[in-house]
Each structure stands twice: as structure tokens, then as C-alpha cells.
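Enquirer: Any chance you can model this:
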Amino acid sequence: MRSKQSGFWQFFEFIKFAAIAVAIVLPIRMWVAQPFIVSGLSMYPTFKDGDYLIVDELSYNFREPQKGDVIIFRYPVDPQKYFIKRLMGLPGDKVEINGQEVTLKTGEYYVLGDNRDKSYDSRAWGTVPKKNIIGRAFVRLLPVTQVGYLPGAGIKI
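Expert: Below is the predicted model of the structure:
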């Protein structure tokens, strides 16, 4: 026979557990890392459609993005959309945008997809402002055969 009091304490313990879990997970999800699923082939062969990544949102608070980093960012033309590309130009670099050579200003970044022939990137729509950068590809979780830390790092494209 179960008492009403033990049922109450079980419910209380469940609520306490849920509150602690939310207090731990929510800040991590909001400010440290978040999931990202690759859509499309603009980063092929480095990433394929459906690859599941964890995005490091913290590093760029302590260091500047570097050439070659694979970044996830809000598309400048429509910030509701997220893109993944390789960082190829930093502030002060000269790059070609829409057939014209320009020097990147402070806070401007030039990105390209690894699959240059199939990528819609800075060559077409311009630079990515630093405020649009969410973070860098930190871990690939899927496909399981390609699980790894800093996927795409060190690849010369």
C-alpha cells in the first residue's frame, strides 16, 4: 500500500531533477553548443547532406575566427536561414565578390563552400558580418563512420 505522502515526494524529486537538468542543459544549449544538420552539397566532400554536427558557440568569444575554419552563420540576406561554409577571407584581406576585388572591412568575413561549383556563397551575395557567425563546426556525430573532432579542419580547399 502506497501512502499519498510518498507519491508527493516522488513527484517533488522528479520536479527537482527536471529543474536541475534544465538549469544545466539550457545554458549549454543557448551559449556553448548547439546541434546543426547539414543541408545540401555545398560543402561536399567535407560534409554531406544529413551530417549531424555540434556547433561550438563559445570559442569566438575568446579568439578571432581563422582562415580555414568551418563556420555556421546566419545568411546575411535572410538571417532566419543558417549556412555552413569555410572561412576564406578575414578583415583586411582582398577578395573577389561579384567579379570585383574588394578589401574586407573590420567585422567582414568571406566564405566559400568546399564544393565550389555547387556553392552559393560570398562570391554571389557578399560578406558575412561577424555578428552573424554562430560558431564553428566542433564535432561530427553522424554518420557514425565519420565521428570526429573539428571536422573539416586542416583541409586545403
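Enquirer: Check the gap between Lys67 and Tyr110 for me.
Expert: Counting by CB to CB, to the nearest Å, the separation of Lys67 from Tyr110 is 9 Å. Quick note: C-beta positions are derived from backbone N, CA and C, even for glycine.
Enquirer: Comparing those two, which residue is more hemmed in?
Expert: Neighbours were counted for Lys67 and for Tyr110 using other CB atoms under 10 Å; Tyr110 has more, 25 against 12.
Enquirer: returning to what we had before: please identify every residue contacting each of Lys67 and Tyr110.
Expert: 87-90 (CB atoms under 8 Å, 6 or more residues apart in numbering).
Enquirer: quick one, strands of this structure?
Expert: Here the chain has its strands, by DSSP state E, at 33-37, 52-56, 70-74, 82-89, 94-97, 100-103, 108-112, 128-129, 133-142, 148-149.
Enquirer: Next, the contact list for Val111, please.
Expert: By CB under 8 Å, 6+ apart, the neighbours of Val111 are 71, 73, 83, 85-89, 121-122, 128.
Enquirer: Selecting buried members of the residues you listed in PyMOL, what would you type?
Expert: Buried residues among the contacts of Val111 (16 or more other CB atoms under 10 Å), as a PyMOL selection:
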select buried, resi 71+73+83+85+86+87+88+89+121+122+128
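Enquirer: out of the contacts of Val111, who's nearest Val38?
Expert: Phe83 (10.2 Å; CB to CB).
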